[in-house]
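Engineer: coordinates only, sequence not included:
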């Protein structure tokens, strides 16, 4: 099946799901969202009926291991910010991330992580008084 | 409110603001020159820097990055055939052939000079047209805001040359995202799924940071994986200097024509630098005595797109500052920054906050001067920065996006929003969706809904069509909507294309 048709089917299912959700709210508040969902559904139907020519997408490239690791690392980093604290979490994130890509260059990774975490902490928190998430460590 | 010229000039020429303007231009140059980094991204991730600044300094920094990045993209376009920003896409057509002929210095000099002239003309347009337009915005009522938002959405028809349906899908997705939160009629939370943080809706700035920065981060990783080792060649031996007066006079028609195109495209909501630069390039080629030479390395082929993409900066700020409709994705991010500092687009910016606004506008002139100086004399610096490995850049970008998202409300939820929108943006881009319509939808959705309900309320049961048609501004906007929908459809039919999508 053409790629656009797959996208269109997903969008139609999502439109239907959200439309069914609108019945849980007062009718007056849902007039505008329902109108938007109608239009969204019609456009998804157009995409189903008049797709582009692309047959497949290279999902291996979309979710290549390096990209997946970046995504997972970013999610874990954000999740731990409020638990551990900005400075330590940022240092660990950059250290492990660079260490992974630099093929285990330990000293370089530590230096880069220390420079980035310290630099942003000093510039943003100390000089510009921007608040950072706090945890049980710094 | 009377604005004191002395106070404005004192603000513009204060050491602090001069430093901020210069630094912003330099950062913008770097973001523009590095393929994969964009002006929108630069402003998005450096926005936390502005939180501790005064509103005028914050605007000056963002405007300087905008101006700097618009030129910066031409550096990689000319030297390695890769536009650093989408707005430099047309510069590649003649810039790279010039570099191949050994005329890289001439091409770079021309790109700086035409960017400077275009930038100045753009700021003049902003200076002249924004204040009266801001006053006209006082006549806007709910019907006008509804049609204005609708006009902004219909521009998607003009923008989505590649995929009209996907453009509108993105736009409607943005509108739907805009309905999350408190309903304007009854104050009932919609689509919050019990999450308290969503009651006020999706915070705009983290969403924009996520949409513009995270997909580019993955793009950096992609080029790391593919070992894209294309780097800017050394510029150490390249000496640029001012062009001659004779040269400037000869090319002045190109500069003026292209700048006007850039300003007009900039004013159109959502239209970006790439459209302006290509239109200016095509027009210059069309009126040239030797159109067949375009593409082989002619100076006019560099001058036209560069003048257009820098004049667009001023143009894009006109609707953003006066009506709250961003003329460009960068202006959308700047609007977010404006609101973080408690400034709302509209007439108030030119009355109650006139001091701040005029300081910003005058400072944009200085930003263009700095851009000229850095472009002509600091070009060798670029290769130092462009040698930074992509994976380190990616880590730093993620760090800065986290800071930028958290610092707005000191709420970790905004960081989750940023990440979610980043993943959404990445998946959408990968499947051929443009992100600008999504941004437009998020910004214009609430305006459209409030305008619609307000119109229904004030019409008090009158015939709605008649009620709207007696309002002249509404009529003008309806005509603009019909024109903006009709022209791209007419062009497609004339080219024999289907009005529905088929693309390779």
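Structural biologist: It's in. Because the structure is a prediction, the values reported are computed rather than measured.

Engineer: and the residue nearest to residue B:396 when sequence neighbours are not counted, what's its pLDDT?
Structural biologist: Excluding the flanking residues, the one nearest residue B:396 by C-beta to C-beta, 6 or more residues apart in numbering or on different chains is residue A:116, at 5.9 Å. Bear in mind the C-beta positions are built from the backbone N, C-alpha and C, glycine included. Listed pLDDT for residue A:116 reads 88.

Engineer: which other helices and strands contact whichever strand or helix holds residue A:116?
Structural biologist: Taking DSSP states H and E as the criterion, residue A:116 maps to helix A:106-120. Contact analysis of helix A:106-120 by 3 or more C-beta pairs under 8 Å, 6 or more residues apart in numbering or on different chains; DSSP states H and E lists helix A:86-101, helix B:390-409 as its packing neighbours.

Engineer: buried deepest among those helices, which one?
Structural biologist: With neighbours taken as mean count of other C-beta atoms under 10 Å in any protein chain shown, these reach their highest mean count in helix B:390-409, at a mean of 24.

Engineer: helices or strands up against the next helix or strand along the chain from it?
Structural biologist: Later in the chain than helix B:390-409, the nearest helix or strand by DSSP H and E is helix B:412-430. Where contact means 3+ C-beta pairs under 8 Å, 6+ apart, helix B:412-430 is packed against helix A:65-84, helix B:204-225, helix B:390-409.

Engineer: roughly how far is whichever helix or strand comes after the second one from the heart of the chain?
Structural biologist: Which is helix B:204-225. Remark: after helix B:204-225, the chain's next helix or strand is helix B:245-267, criterion DSSP H and E. With C-alpha atoms, centre = their mean, to the nearest Å as the basis, helix B:245-267 stands 19 Å off its chain's centre.

Engineer: leaving out chain neighbours, which residue sits closest to residue B:31?
Structural biologist: residue B:42 (3.7 Å).

Engineer: would you confirm that the one you found contacts residue B:70?
Structural biologist: No: with contacts counted by C-beta atoms under 8 Å, residue B:42 stays clear of residue B:70, the gap being 11.1 Å.

Engineer: which of these two has more neighbours?
Structural biologist: Ranked by neighbour count (other C-beta atoms under 10 Å in any protein chain shown), residue B:42 and residue B:70 place residue B:70 first, with 35 against 30.

Engineer: residue B:328 and chain A, how far apart?
Structural biologist: 24 Å (C-beta to the nearest C-beta, to the nearest Å).

Engineer: how much space between that residue and residue B:14?
Structural biologist: Distance, residue B:328 to residue B:14, by C-beta to C-beta, to the nearest Å: 28 Å.

Engineer: which strands and helices lie in contact with the host helix or strand of residue B:320?
Structural biologist: Residue B:320 is part of helix B:300-323, with elements assigned from DSSP H and E. Using 3+ C-beta pairs under 8 Å, 6+ apart, the elements in contact with helix B:300-323 are helix B:55-80, helix B:91-100, helix B:104-136, helix B:245-267, helix B:273-287, helix B:329-340, helix B:354-377.

Engineer: try 10 Å this time
Structural biologist: helix B:55-80, helix B:91-100, helix B:104-136, helix B:142-159, helix B:245-267, helix B:273-287, helix B:329-340, helix B:354-377 (3 or more C-beta pairs under 10 Å, 6 or more residues apart in numbering or on different chains; DSSP states H and E).

Engineer: buried residues in the third one?
Structural biologist: For helix B:104-136, the buried set under the neighbour-count rule, 16 or more other C-beta atoms under 10 Å in any protein chain shown, comprises B:104-127, B:129-131, B:133-134.
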